[in-house]
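Student: Quick one: sequence plus predicted model below, questions after.
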Amino acid sequence: QQQVKQSPQSLIVQKGGISIINCAYENTAFDYFPWYQQFPGKGPALLIAIRPDVSEKKEGRFTISFNKSAKQFSLHIMDSQPGDSATYFCAASIGTGNQFYFGTGTSLTVIP
Amino acid sequence: DSGVTQTPKHLITATGQRVTLRCSPRSGDLSVYWYQQSLDQGLQFLIQYYNGEERAKGNILERFSAQQFPDLHSELNLSSLELGDSALYFCASSVGQSVNYGYTFGSGTRLTVV
C-alpha cells in the first residue's frame, strides 16, 4: 500500500499565487521528509527536506510545514512562477534505511 | 547534468522480450538504486546495490534482476516483458549505503512494451 499519500494530483495556480501540496504518512519511524521536483524528461531532484524535530523549514520561496502529531507535511511555494511548473513528489525515509517512500506526485502548472 | 548516466533514454520492445538498462553512478558514489515510475504508482523502489553487493530489495518482480559491476556501473535486466512493465526506470546513486547520504537521480529510461 502507499506509505505516503499525496494530494492533489494536479494543481493550477496563477503566477504570483501560493501553491500548496499536502502529504500524509502512517509510519512513525519515518524521520526524514524530502520534496523532489521533476521536470519533463528529467529525473527527480531534491528541492527541500525536513526532519521531524522542526515544524517548518524555509528555503527561498519554498517552505515545508510539518505536523508530527497529525503525521502530515506540506510544501508551500510562495510567489509561484511559470518556471515552477513541474511534478512534485513528497517522500519519507527511515534513518539508516535504503529507500525513499514516495507519494504519487502532484503536477503543478503555473499560469502566467 | 546530475552526473548519473542512464542508457538508453528510450526503449521500445515487444511482450515476452528481455531488455537491459544501464546506469553509471556519479563519480565517487558507491550505491546504486533502481526505481520504477508508473503513472498511477509514483516512484517504487526496486533494488539497491552497494559496492557490488545487493543491499536491499523492494517491490522487484522475479522477472527482474540487477547487478553492479566492479567499475560500479549497474544493469537492470527485465525479462518476459509484459505490457504492464511499461514505465520510466530511474537509477539513483549515493556515496553511502543509506538514504542519509541523499540521492542523485539520473534522467531515466522510458520503456514501452508493445
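Tutor: Thanks, I have it.

Student: ok, residue B:81 - contacts?
Tutor: Contact partners of residue B:81, counting by CB atoms under 8 Å, 6 or more residues apart in numbering or on different chains, are B:13, B:14, B:15, B:16, B:17, B:18, B:19, B:63, B:113. Placement of C-beta: from N, CA and C, glycine included.

Student: Repeat the analysis, applying 7 Å as the threshold.
Tutor: Applying CB atoms under 7 Å, 6 or more residues apart in numbering or on different chains, we find residue B:81 in contact with B:13, B:15, B:16, B:17, B:19, B:113.

Student: For it, which three-state class applies?
Tutor: Each residue gets one of three states, and residue B:81 gets coil by DSSP: H, G, I helix; E, B strand; the rest coil.

Student: so what's it closest to, chain neighbours aside?
Tutor: Residue nearest to residue B:81 in three dimensions, not counting chain neighbours: residue B:113, with 4.8 Å by CB to CB, 6 or more residues apart in numbering or on different chains.

Student: any idea how far the closest residue to residue B:10 other than its chain neighbours is from residue B:21?
Tutor: The shortest distance from residue B:10 to any residue other than its chain neighbours is 5.0 Å, reached at residue B:110 (CB to CB, 6+ apart). Distance, residue B:110 to residue B:21, by CB to CB, to the nearest Å: 10 Å.

Student: out of the two, which sits in the busier spot?
Tutor: Neighbours were counted for residue B:110 and for residue B:21 using other CB atoms under 10 Å in any protein chain shown; residue B:21 has more, 22 against 16.

Student: What strands line up against the helix or strand harbouring the more buried one, and which way round?
Tutor: Mapping residue B:21 onto the secondary structure by DSSP states H and E places it in strand B:19-24. Based on DSSP bridges, the strands next to strand B:19-24 in the sheet, each with its direction, are strand B:5-7 (antiparallel), strand B:74-78 (antiparallel).

Student: With mean pLDDT and distance to residue A:81 added, can I get these in TSV?
Tutor: TSV is the format used below for the strands paired with strand B:19-24 (pLDDT from 0 to 100; distance: least, CB to CB, whole Å):
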stretch	mean pLDDT	distance to residue A:81
strand B:5-7	97	29
strand B:74-78	98	36
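
Student: Can you name the residues of chain A that neighbour chain B?
Tutor: With the criterion set to CB under 7 Å from any CB of the partner chain, chain A comes near chain B through A:32, A:41-46, A:89, A:93, A:95-100, A:102-105.

Student: For the residue nearest to residue B:81, give me its contacts.
Tutor: If a contact means CB under 7 Å, 6+ apart, then residue B:113 has B:13, B:15, B:81, B:82, B:83, B:85, B:86 as its contacts.

Student: What about residue 28, how many residues nearby?
Tutor: You didn't pick a chain, so chain A it is. Residue A:28 is flanked by 9 other residues according to other CB under 10 Å.

Student: was after chain B, sorry
Tutor: Count around residue B:28 with other CB under 10 Å applied: 9.

Student: ditto for residue B:35
Tutor: Neighbours of residue B:35 (other CB under 10 Å): 26.

Student: would you list every one of the helices in chain B?
Tutor: Counting by DSSP state H, chain B yields no residue ranges for helices.

Student: hey, what's residue A:56 bridged with?
Tutor: Taking DSSP bridges, one obtains residue A:65 as the residues bridged to residue A:56.
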